[in-house]
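# Attaching a predicted model along with its sequence, questions to come.
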Amino acid sequence: MSGAEEVGLVTPIREVFSENLALASGQTLAGFELITETYGQLNSQRSNAVLICHALSGNHHAAGRYNHSDPKPGWWDLHVGPGKAIDTNRFFVVSLNNIGGCDGSSGPNTMNPETQQPWGPNFPQVSVNDWVTTQALLADRLGIDSWAVVVGGSLGGMQAIHWAVHYPERVRNCVALAAAPKLTAQNIAFNEIARQAILSDPDWLAGYYQQETVTPTRGLSLARMVGHLTYMSADGMSDRFGRDTREMPSDAINAGEMVFQVESYLRYQGKQFSTRFDANTYLLMTRALDRFDIAADFDDSLSDAMAATTCRMLITAFSSDWRFSPARSRELVDALLASGRPVSYAEIETDAGHDAFLLDEPRYTGLFTAWMQQVVI
Amino acid sequence: MRYDLTQIESWIPEGSRVLDLGCGDGAFLNRLQETRRVQGMGLELDPENLIAATQRGVDILQQDMDQGLSNFPESSFDIVILAHALQVLHRPDKVLQDMVRIGREAIVTFPNFGHWRCRLHLGLNGRMPVSKDLPYHWYNTPNIHFCTVKDFEALCSDLNIAIMDRDIVSGPVAALFKQWLPNLFGSTAIFRIRACD
């Protein structure tokens, strides 16, 4: 975007919570830690706070860079910064890694204080409900009574919706991008294939791979390849890769082999992901995604769930997103209409698929920015 | 402001819930929010208009009226507006029925094809009318369902829709005659309608 800058250098913050956390599963977590980042300044009325909820593989590092030679900014840097949709000149932005994650918050790859061993597969299954509970505790700690905006895409959008439904007095505006009220059978099936890829890796070791200092990278990589494929559209892939081929570089196992660009791309994505992400977290996050159903607490009535909201609401879908298609977003919109709630909805024309919410499509950026500018702080 | 919009504004009670079908850049809804303190929502398809309306603080839904409006509950708005869009719809009859279902009242404006200039154009030239207000040719016009004041009134009768008010826009000279011959001298028709009890 013209005139928009980056937030600059950022430093993660560790927040330690000593209270017992009763999880939706019935289990209890005896204390937990959240790793967070903030951008912009909290105003004196504490009325300009924005919460960013991350998606399946996201984390707290939404914007900015860690040092001057950091090659890549945070995952949502296109939309978080001075003059951007989430304008850090106006808003105080809070981003965190959810519990169960693998980027510093309590999760499978952190120590279980009772056993002094990595949690591994014994980290309790958490849910969207639990994430929002911990985010509310974080808001308490930061002195934020109500969020000006809670925003997220995909699984992050589901957290934003959960906030709007279950904490209406604490959310004044809600943005759910490429989200859905719950997953379809097809969606759960894709997640199950990803899980089975991990579970069938010989290095999986029933989830105790960390103690053996191995990583089920092949399984994780395959899981990511399946996932990544579903975040793109057929047209987008044809435009980007077509049937182009390339020769594998000399340092590859299959050096000299001719492969399609799309093969090479997916392998690269899978490999990169398998070196940064934790397999136990992947299982946990996909299960949380599968089990999310915003209407479940309202006798399966989506309109009753939406009737509990009191905030301004922006729902945005992307035309080529077949993972969380526009029809799923319209279910949310129609439920809001049925309960007499105001809502803005747009279906952005794009061939970028589900991942479009991460990108800078002019019509999307324009609408998102315009809507955020109308937020009263 | 276009005359039909001035007339619509005068029919909007303070604080009412208004749905504007084909709200364009949201300027009119925004005005109603300011002058009538309405709770407004607009339907629109054009992406640039969606952004423009959002910049004005108007809630917008990207939805195609031709695909139906069944997602709007009965009586969920006080007033549903369709300003200068009736003629572009695939099935104006279905949209009208939806309008009086969704709104306690509805307001419809459309160019009157029974206006004397249109009649003269077709009658004398034997060609489809092209004018300042309707600049398109028959083959490229988005206006696929023209009607006259009489046609519209007949349709309302068929659909069991009650006409509460009618206003006809015309030129200054024709204004003298429009009360008696609205279908001949009115260039734009403005109807306020509701479902029959």
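That came in fine, so what should we check first?

# so how far is the strand or helix carrying A:Phe273 off the chain centroid?
Per DSSP states H and E, A:Phe273 falls inside helix A:261-276. Offset of helix A:261-276 from its chain centre (CA atoms, centre = their mean, to the nearest Å): 20 Å.

# After that helix, heading C-terminal, what element do we hit next?
helix A:279-291.

# in which helix or strand would I find the residue nearest to the spatial centre of chain A?
Taking CA atoms, centre = their mean, the centroid of chain A lies closest to A:Ala55, which sits 1.1 Å from it. Here A:Ala55, judged by DSSP H and E, is contained in no helix and no strand.

# Pull the contacting residues for it.
Counting by CB atoms under 8 Å, 6 or more residues apart in numbering or on different chains, A:Ala55 touches A:152-156. (Each C-beta comes from the backbone N, C-alpha and C, glycine too.)

# ok, now how distant is the closest residue in space to it that isn't next to it in sequence from chain B?
Once flanking residues are discounted, A:Ala55 sits nearest to A:Ser154: 4.0 Å by CB to CB, 6 or more residues apart in numbering or on different chains. As defined by CB to the nearest CB, to the nearest Å, A:Ser154 lies at a distance of 20 Å from chain B.

# try A:Asp278
On the measure of CB to the nearest CB, A:Asp278 and chain B end up 39 Å apart.

# show me what contacts the residue nearest to A:Ala55?
By CB under 8 Å, 6+ apart, the neighbours of A:Ser154 are A:55-56, A:177-179, A:324, A:354, A:357.

# Just give me the neighbour total for residue 123.
Using chain A here. As a burial measure, A:Phe123 scores 24 neighbours (other CB atoms under 10 Å in any protein chain shown).

# not quite, I wanted chain B
Using other CB under 10 Å: B:Gly123 sits among 10 other residues.

# And A:Ser329, by the same measure?
25.

# Check A:Thr115 too.
By the measure other CB under 10 Å, the count of residues near A:Thr115 is 10.

# so the nearest residue to A:Gln27 once chain neighbours are set aside is in which element?
Excluding the flanking residues, the one nearest A:Gln27 by CB to CB, 6+ apart is A:Pro124, at 4.2 Å. Assigned by DSSP H and E, A:Pro124 belongs to no helix or strand.

# Can you name the residues that contact A:Pro124?
Contacts for A:Pro124 were tallied using CB under 8 Å, 6+ apart; they are A:23, A:25, A:27, A:29.

# End to end on stretch A:209-228, go ahead and measure it.
24 Å (CA to CA, to the nearest Å).

# mean confidence for it?
Taken as a whole, stretch A:209-228 has an average pLDDT of 95.

# give me every residue that touches A:Gly242.
Here A:Gly242 is in contact with A:Gln261 (CB under 8 Å, 6+ apart).

# Contact residues of chain B facing chain A?
B:39, B:41, B:47, B:50-51, B:54-55, B:57, B:59-63, B:71-73, B:76 (CB under 8 Å from any CB of the partner chain).

# Take those residues and keep only those in strands.
Secondary structure from DSSP state E places B:39, B:41, B:59-62 of these in strands.

# all helices for the chain, in order.
You didn't pick a chain, so chain A it is. Using DSSP state H, the helices assigned to chain A run over residues A:128-142, A:155-166, A:185-199, A:217-231, A:234-240, A:261-276, A:279-291, A:302-307, A:326-338, A:362-373.

# actually chain B
B:3-10, B:27-35, B:47-55, B:92-102, B:116-120, B:149-158, B:175-178, B:182-185.

# Which residues does the fourth one contact?
I take that to be helix B:92-102. Contacts of helix B:92-102 (CB under 8 Å, 6+ apart): B:19, B:21, B:65-66, B:68-70, B:72-77, B:80, B:82, B:86, B:89, B:106, B:108, B:145, B:147, B:155-156, B:159, B:161, B:193-195.

# tell me the contacts of the residue nearest to A:Tyr265 when sequence neighbours are not counted?
Spatial nearest neighbour of A:Tyr265, chain neighbours left out: A:Phe241 (6.5 Å); criterion: CB to CB, 6+ apart. Under the criterion of CB under 8 Å, 6+ apart, the neighbours of A:Phe241 are A:260-262, A:265.
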